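Novice: just coords:
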Ligand SMILES: [Zn+2]
């Protein structure tokens with residue numbers, strides 16, 4: 001704890017260095033190399049696993065050589081794009097510090113989390129914490145788009161072995177034990193193109209799509225009325241729409257991208273079937289309507305029981321550092337925790353500073369004070385699970 005207090009300045013500098021890598025999904029090579037080097041310098045053995053060239057997963061292991069549990073700490077290297085730059089008060093990759101806040105894309109999701117793991121690791125090594133078992137840190141690529149090259153690849157190829165895990169996704173300092181499932185799919189409509197001066201000779205794919213969008217909206221309201229006790233409401237969002245070629249042509253194509261969040265008890269098959277039912281109903285009323293559904297992303301949800309040892313360990317560590325028990329919560333968004341749980345059966349919690357729901361906005365920022373508290377909690381978890 002003293003070592004962490006001493007390293008506050010280093011921690012801020014590390015967070016700034018991480019934010020300055022514009023590691024939008026697909027561009028994780030540079031930050032992966034940086035994190036690998038950081039762990040190597042602390043004496044860990046580092047393996048880089050790539051499902052595709054230039055898309056690193058960094059696995060760093062501190063093996064005590066003694067029998068004992070394996071604790072997995074995880075975070076992802078990639079970030080979402082910054083969006084329109086004009087919306088940012090401070091440039092998204094400058095990592096500007098204002099009072100207690102660091103601004104930039106990824107400060108919440110999840111480079112502050114990455115900082116907590118790395119600084120806690122550094123403090124444990126530098127203060128010569130005697131451990132048993134193994135501490136494994138995994139930094140993945142490709143998380144923001146579903147982890148096919150990241151945690152899914154590791155899970156399907158035998159790299160995930162641990163007794164418990166912590167994923168440093170933003171939880172506003174709560175201990176989160178479940179996520180919703182996420183199903184991403186496209187719907188495309190096909191029409192008949194013709195000259196815009198004689199639209200009655202064609203068939204508009206955009207008009208068809210607007211019918212579909214409205215029927216999905218109604219389905220979304222129905223879903224909202226069926227909340228799950230712990231996870232809240234299932235949901236559906238039409239996130240993008242495209243279509244047509246030029247204004248003086250009847251559009252013969254349109255596409256939407258849809259994001260469906262599932263709660264326990266709902267299956268991927270059911271969710272797709274619901275969409276098909278909506279489209280079939282529209283086709284009855286509008287026989288010319290042609291639509292196809294293409295599944296793009298599937299992210300299973302997961303939940304662990306509050307009685308799992310990792311929940312008690314994390315809650316106990318939080319209480320030692322903060323002086324009260326943490327809130328136990330759940331997350332709307334999908335994370336690598338789902339793959340850790342579903343592919344390897346490892347009990348996993350999420351914990352990190354920052355509010356994940358604010359992470360997609362411009363002016364994303366994180367509190368340095370919270371980040372340092374979270375770092376102590378992570379260090380305490382390491383000590384409590386592996387300390388000799
Ligand atoms: Zn994330």
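Specialist: On my side now, so go ahead. None of these values were measured; they are calculated from a predicted model.

Novice: CA only for contacts and neighbour counts going forward, please
Specialist: OK.

Novice: Quick check: the gap between residue 267 and residue 234.
Specialist: According to CA to CA, to the nearest Å, residue 267 and residue 234 sit 11 Å apart.

Novice: correction: residue 64
Specialist: Using CA to CA, residue 64 is found at 44 Å from residue 234.

Novice: which one of residue 267 and residue 234 has more residues nearby?
Specialist: Remark: of residue 267 and residue 234, residue 234 carries more neighbours, 24 against 15, as counted by other CA atoms under 10 Å.

Novice: so the more buried one touches residue 223, yeah?
Specialist: Yes - with contact defined as CA atoms under 8 Å, residue 234 reaches residue 223; the gap is 5.7 Å.

Novice: Contacts for the stretch of helix or strand residue 62 belongs to next, please.
Specialist: Residue 62 is part of strand 56-63, with elements assigned from DSSP states H and E. Applying CA atoms under 8 Å, 6 or more residues apart in numbering, the external contacts of strand 56-63 come out as 28-29, 32, 35-36, 39-40, 43-50, 133-141, 150.

Novice: Pull up the pairing partners for it, direction included.
Specialist: In the sheet, strand 56-63 lines up against strand 45-50 (antiparallel), strand 134-140 (antiparallel) (DSSP bridges).

Novice: Report how many residues lie close to the nearest residue to residue 24 once chain neighbours are set aside.
Specialist: Once flanking residues are discounted, residue 24 sits nearest to residue 79: 4.7 Å by CA to CA, 6 or more residues apart in numbering. For residue 79, the neighbour count with other CA under 10 Å is 29.

Novice: Would you agree residue 79 is in contact with residue 144?
Specialist: Yes - assessed by CA under 8 Å, residue 79 is found in contact with residue 144 at 6.7 Å.

Novice: Mind listing the shared neighbours of these two?
Specialist: residue 25.

Novice: what sits against the closest residue in space to residue 149 that isn't next to it in sequence?
Specialist: Distance criterion CA to CA, 6+ apart; nearest residue to residue 149, sequence neighbours excluded, is residue 51 at 5.4 Å. For residue 51, the contacting residues are 149, 150, 153, by CA under 8 Å, 6+ apart.

Novice: how about the helices of the stretch 1-150 of the chain, start to end?
Specialist: Remark: helices assigned in the stretch 1-150 of the chain by DSSP state H, counting those that start in this stretch are 2-6, 8-19, 29-41, 112-126.

Novice: Any idea how far the first one is from the middle of the chain?
Specialist: I take that to be helix 2-6. Helix 2-6 has its C-alpha centroid displaced from the chain centroid by 29 Å (CA atoms, centre = their mean, to the nearest Å).

Novice: Please apply the same query to the third one.
Specialist: What separates the centre of helix 29-41 from the centre of its chain is 21 Å, taken as CA atoms, centre = their mean.

Novice: which secondary structure elements does it contact?
Specialist: If you count contacts as 3 or more CA pairs under 8 Å, 6 or more residues apart in numbering; DSSP states H and E, helix 29-41 packs onto strand 45-50, strand 56-63.

Novice: now the second one
Specialist: Using 3+ CA pairs under 8 Å, 6+ apart as the contact test, the elements touching helix 8-19 are helix 112-126.

Novice: nearest residue to residue 80 other than its sequence neighbours?
Specialist: Closest residue to residue 80 apart from its sequence neighbours, by CA to CA, 6+ apart: residue 24 at 5.5 Å.

Novice: neighbours around that neighbour, how many?
Specialist: With other CA under 10 Å as criterion, residue 24 counts 18.

Novice: List the residues that contact it.
Specialist: By CA under 8 Å, 6+ apart, the contact set of residue 24 is 78, 79, 80, 81.

Novice: Just give the nearest non-adjacent residue to the last one, would you?
Specialist: By that I understand residue 81. residue 24 (5.7 Å).

Novice: Find me the pLDDT at that neighbour, would you?
Specialist: pLDDT recorded at residue 24 is 98.

Novice: Let me see the domain layout of this protein.
Specialist: Listed domain ranges for the chain are 2-179+301-386, 181-299 (source: automatic domain parsing).

Novice: most packed of the ones you listed?
Specialist: Neighbour counts (mean count of other CA atoms under 10 Å) averaged over each of the domains of the chain peak at domain 2-179+301-386, with a mean of 21.

Novice: quick one: the strands in the stretch 101-250 of the chain?
Specialist: Along the stretch 101-250 of the chain, counting by DSSP state E, counting those that start in this stretch, strands occupy 101-103, 134-140, 164-167, 175-179, 181-190, 235-243.

Novice: Of those, give the one that comes closest to residue 324.
Specialist: Taking CA to CA, strand 175-179 is the member of the strands of the stretch 101-250 of the chain nearest to residue 324, at 12.8 Å.

Novice: What is that closest one packed up against?
Specialist: On a contact count with 3+ CA pairs under 8 Å, 6+ apart, strand 175-179 meets strand 302-303, helix 309-322, strand 328-331, strand 348-350.

Novice: and for that strand, what are the contacting residues?
Specialist: By CA under 8 Å, 6+ apart, the residues outside strand 175-179 that reach it are 231, 301-306, 311, 314-315, 326-335, 338, 348-351.

Novice: Please apply the same query to stretch 301-316.
Specialist: For stretch 301-316, contacts defined as CA under 8 Å, 6+ apart pick out 164-165, 175, 177-182, 262-264, 325-326, 334, 337-338, 341-342, 347-349, 377, 381, 384-385.

Novice: Great, nothing more from me.
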